[in-house]
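1. Next input, structure requested:
(4 chains)
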Protein chains: 2
Amino acid sequence: MRSPRRPPPPPAKIADVARLAGVSVATVSRALATPDVVSETTRERVLAAVREIGYTPNIAARNLRARKSMMVLVVVPDISNPFFADVLRGIDEALAVANYGLIIANLGQRPEQEARYVNLALAGQVDGVLLLCGHMLAGGGRKLTDAPLPIVAACEIIPGADFPQVEVDNRAAARAAIEHLIGLGHRRIAYLSGPRANILDRARAEGYAEAMVAAGPVDPAWTIEGDFTFQAGIKAAKALAALPSANRPTALFAANDEMAIGFIKAARGLGLAVPEDISVIGFDGIDYADFCEPTLTTVYQPRRTLGAVAADLLIGLMTGRDKPHARIERVETELWARASAARLAVDAG
Amino acid sequence: MRSPRRPPPPPAKIADVARLAGVSVATVSRALATPDVVSETTRERVLAAVREIGYTPNIAARNLRARKSMMVLVVVPDISNPFFADVLRGIDEALAVANYGLIIANLGQRPEQEARYVNLALAGQVDGVLLLCGHMLAGGGRKLTDAPLPIVAACEIIPGADFPQVEVDNRAAARAAIEHLIGLGHRRIAYLSGPRANILDRARAEGYAEAMVAAGPVDPAWTIEGDFTFQAGIKAAKALAALPSANRPTALFAANDEMAIGFIKAARGLGLAVPEDISVIGFDGIDYADFCEPTLTTVYQPRRTLGAVAADLLIGLMTGRDKPHARIERVETELWARASAARLAVDAG
DNA sequence: ATGAAAGCGCTAACAC
DNA sequence: GTGTTAGCGCTTTCAT
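-> Residues are numbered from 1 along each chain as shown, chains lettered A, B, ... in the order given. All right, here's what the predicted structure looks like:
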């Protein structure tokens, strides 16, 4: 009869393998890390011993000795945001290929977390940092840059940073969206913005302004400040519906899909048909943009690619393949023309 | 003039602090880990030295010596699935309170990854594992349970597991959804399932069957196999529209929201009004369920809570507060009654 | 090709 | 309350 609650045997260590295989610990280490430098018979003996006692090298010890962790810290503003979920997927796929693991730093409206993660990085717990949060990590009186650690930023650019960054060309993408509307005959085009301080929104607003030069005079009332939420879309619909129809925009460009969808839903409730009375373009290309009614014309951001490109840049730095230097990599957006943006009816021009 | 490319100074270590503060390394360690056991003057001298040279304890060394990592491995089937993104948020919030960090194991259709993460766990890189993937992690000839490591599973239950698990009561939730429809006068109620092998779906199908006993005879044609996708919803709408109207269900319960939304969109295109001709209930309570037209009645799963409860159970095991034992914790769902499910019109009964 | 031995930086006995 | 010291388990010179 087995004695109950027998304490589990301590995990096997390299010395146990060495003893069983009749070699030194150095040889075991080599057989595992650089198999080609060990004779074939020895290697097989070692591997057999490893299997027999179920040995797994202790990572903390390896990290300590080798001064690397094969881990990357990914800093996200909000892990529950599906946008970042897709970016994370791209990051994970790229990191997995190079055998790096993923530690998540989820900021989520808790600024006090920053110090904790700065600490993690300074403590040598990770080999590199991927910033998706739009600012340099700092806290507890120290900045991330205090450590000699490779950094790459993505999604939201950090102005003046001296490391590689990856983004979509928000300005050009917004311009393309407006040009699409102009091509459909629209001239009075509204812009439903994100929070005005947001760096993504600033670039998109610039693109709007640039492209609108070709459309003729722009009424400031056509720019409505939103905050990326569905509710902001609803409010914007009410605001536009209240404008005299002679000056009411015939099209709207929203800084993200969620607002665009809120706008459409509310506009229809207010008697404004989409796209008949007003065309709508969103930004992001979320899944739902293809499920809603009407399907949403939108600027697609390749979220997964964004993450993968950033991760590859970081891998280049961590492995020493590339030298660190400031640079901004741009990934291409795509205009997905669907049902919510249509040619301007002749009588509505 | 500064010489360019000067190699960065090596990070300060505990001995540097000790020297500067004029104390032993043990005292520095204590001043940092157990401040109350050190005299106030010493403590202040140490902390001043720490600040002065910008010291951060090396985590690999600490982990090695203390035999813990303050890290948790969270295994998700697909990190880009917004459902898990919310669960992860709950997990992160709970872990952060207890000062645990988060390593993500994203399986994502790459079975070969499993071995890598089993290894991570066996290598002592984490203090506990949270399984959201519905099966025991295994690979490279070893299972997760080979290590004496606390484990908790959530979302998808692993039958027969001997550790705590957290789920929503899918069967009861499905039953409640059907009862809601019966209460609205419906008797011919269809079920749009997930993949039939899926454990979540099996429980929901059982709930459907149980509740339908009160509704009278059930036609097998009312159960349609789906796969949780929008497209499956579209297919189901076509299937139901093809039924003779005398036997056509007046309501449909979908195993998730995405299918429900696809169903509604397609049904309307086929001339079936929702909820006038057919009521629809979804499952999950995704954000979009409140944005679509009509707004979707659905069974809300508290995703964040699900994650937080699981994380708290794991923290209990990791800190030794609780003893490991098999048990299934259930978190409550909520029926969110909205516009897509309405009282059966008298002439349609 | 292999072994001996010196640490990696820290914590925790143990001694005072 | 503080110091001394022995490892934690591994990798990596340096010998042989």
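2. Please work out how many residues are found near the residue nearest to A:Ala221 when sequence neighbours are not counted.
-> Counting by Cβ to Cβ, 6 or more residues apart in numbering or on different chains, A:Ala221 lies nearest to A:Leu243, which is 6.6 Å off, once chain neighbours are set aside. For the C-beta atoms, the positions are set from N, CA and C on the backbone; glycine is no exception. Counted by other Cβ atoms under 10 Å in any protein chain shown, the residues lying close to A:Leu243 total 15.
3. measure A:Leu243 to A:Phe230 for me?
-> When Cβ to Cβ, to the nearest Å is the yardstick, A:Leu243 and A:Phe230 sit 21 Å from each other.
4. cool, A:Asp284 as well?
-> Relative to A:Phe230, A:Asp284 is positioned 13 Å away (criterion: Cβ to Cβ).
5. shared neighbours of those two, which are they?
-> Any residue near both A:Asp284 and A:Phe230 by Cβ atoms under 8 Å, 6 or more residues apart in numbering or on different chains counts here, and that gives A:Glu258.
6. Give me the more crowded residue out of the two.
-> Counting neighbours by other Cβ under 10 Å for A:Asp284 and for A:Phe230 shows that A:Asp284 has the greater number, 24 against 19.
7. Need the phi and psi values for that one.
-> When quoted as degrees, to the nearest 10, the phi and psi of A:Asp284 stand at phi 130, psi -50.
8. Not counting sequence-adjacent ones, nearest residue to it?
-> Of all residues not flanking A:Asp284 in the chain, A:Asp257 sits nearest, at 4.5 Å (Cβ to Cβ, 6+ apart).
9. count of residues packed around that neighbour?
-> The criterion is other Cβ under 10 Å. On that basis, A:Asp257 has 28 neighbouring residues.
10. Dihedrals phi and psi, it?
-> Dihedral angles of A:Asp257 (phi, psi; degrees, to the nearest 10) stand at phi -70, psi -40.
11. Go ahead and confirm it touches A:Leu296.
-> Yes - with contact defined as Cβ atoms under 8 Å, A:Asp257 reaches A:Leu296; the gap is 6.2 Å.
12. shared neighbours, these two?
-> Common contact partners of A:Asp257 and A:Leu296 (Cβ under 8 Å, 6+ apart): A:Gly282, A:Ala289.
13. Just the strands from chain A, written as ranges.
-> The residue ranges that make up the strands of chain A, judged by DSSP state E, are A:71-76, A:101-106, A:128-131, A:138-139, A:142-143, A:151-154, A:164-168, A:189-193, A:223-225, A:251-254, A:279-284, A:297-300, A:327-331, A:334-336.
14. in chain A, which ranges drop under the pLDDT threshold?
-> Low-confidence regions of chain A, defined by pLDDT under 70, span residues A:1-7, A:347-349.
15. Do a quick rundown of the helices in it.
-> A:14-21, A:25-33, A:40-53, A:59-66, A:82-97, A:113-122, A:170-183, A:199-212, A:230-241, A:257-269, A:303-318 (DSSP state H).
16. residues touching A:Lys265, list them.
-> By Cβ under 8 Å, 6+ apart, A:Lys265 lies in contact with A:Gly233, A:Ile234, A:Ala237, B:Phe291, B:Glu293.
17. Go through the residues you listed and single out the one with the most neighbours.
-> For the contacts of A:Lys265, neighbours were counted using other Cβ under 10 Å, and A:Gly233 has the most, 29 neighbours in all.
18. That one touches A:Gly269, doesn't it?
-> No - taking contact to mean Cβ under 8 Å, the distance of 11.8 Å between A:Gly233 and A:Gly269 leaves them out of contact.
19. burial of A:Gly134, as a residue count?
-> Burial of A:Gly134 is recorded as 17 neighbouring residues (other Cβ under 10 Å).
20. What are the phi and psi values at the closest residue to it other than its chain neighbours?
-> Leaving out its chain neighbours, the residue that sits closest to A:Gly134 by Cβ to Cβ, 6+ apart is A:Glu156, at 3.1 Å. The phi and psi values for A:Glu156, taken as degrees, to the nearest 10, are phi -100, psi 120.
21. can you pull the contacts of A:Glu156?
-> Listed by Cβ under 8 Å, 6+ apart, the contact partners of A:Glu156 are A:Leu132, A:Cys133, A:Gly134, A:Glu167, A:Ile199, A:Leu200.
22. Between those residues, which sits nearest DNA strand D?
-> The shortest gap between DNA strand D and any of the contacts of A:Glu156 belongs to A:Leu132, at 31.2 Å (Cβ to the nearest atom of the strand).
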